[in-house]
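Engineer: Sequence plus the predicted model coming up.
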Amino acid sequence: MTDRDEVGTPATSPELVAQDGAAVPDGFSRLWTPHRMAYIKGEKAPPDQPEGCPFCRIPTLDDRTGLVLARGSLTYAVLNLHPYNPGHLMVVPYRHVAGLDDLDDDEAGELMAMTQQALRALRAVSSPHGFNVGINLGGVAGGSLAAHLHQHVVPRWTGDANFIAVISQTKVIPQLLAETRDLVARAWPR
């Protein structure tokens, strides 16, 4: 293959076409998100140290200001500032650890017990059809604050990922976080 085609323009090698994805149908649609590269490169990575960690700071605030729903002796529950759905909360150990296997038995037990309480409170307040419950261990797994372990509890409803989220990259949250916090905190099992 030459560097130029018959009309003198640079020739495109099959490797470049395949790399570019141009004119090679492969069955994938692509959503380009160059803004995410800052996270991949670590440019917007949160501090790894407890003194800069929001999960270490939140328990020092009053419950309404910190959006704290409930406090245990080893863990607490807090609303997510950037919720995927209304009522999206996290259960967080007070101790600044990154790994699930870094928790001692008492912390692990209370993390699960508080997660169960969260499910009960959210069912009482908003009757979700289901839940996503999970932990992202490490930044590569999706943990935006990977240095401090936290378990997400996300209420789900049929159709909650509708056209506005897909087309407009917009999530509709029908209630202010402070209002959600008050409702869930009042319904928290004691």
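Structural biologist: That came through fine. Numbers count the residues shown, from 1 in each chain.
Engineer: ranges for the strands of this structure?
Structural biologist: Taking DSSP state E, the strands of the chain run over residues 68-71, 75-79, 89-93, 130-134, 151-156.
Engineer: will you turn those into JSON lines that also has mean neighbour count and mean pLDDT?
Structural biologist: C-beta: built from backbone N, CA, C; applies to glycine. Shown next, in JSON lines, are the strands of the chain (neighbours: other C-beta atoms under 10 Å; pLDDT from 0 to 100):
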{"stretch": "strand 68-71", "mean neighbour count": "20", "mean pLDDT": "97"}
{"stretch": "strand 75-79", "mean neighbour count": "23", "mean pLDDT": "97"}
{"stretch": "strand 89-93", "mean neighbour count": "25", "mean pLDDT": "97"}
{"stretch": "strand 130-134", "mean neighbour count": "14", "mean pLDDT": "94"}
{"stretch": "strand 151-156", "mean neighbour count": "21", "mean pLDDT": "94"}
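Engineer: Mind putting those strands into a markdown table with distance to residue 111?
Structural biologist: Below are the strands of the chain laid out as a markdown table (distance: least, C-beta to C-beta, whole Å):
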| stretch | distance to residue 111 |
| --- | --- |
| strand 68-71 | 12 |
| strand 75-79 | 5 |
| strand 89-93 | 6 |
| strand 130-134 | 11 |
| strand 151-156 | 6 |
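Engineer: Where does the prediction get shaky in the chain?
Structural biologist: Within the chain, the stretches with pLDDT under 70 are 1-51, 162-172.
Engineer: Go through it and flag its longest helix.
Structural biologist: Longest helix of the chain, by residue count under DSSP state H: helix 105-126.
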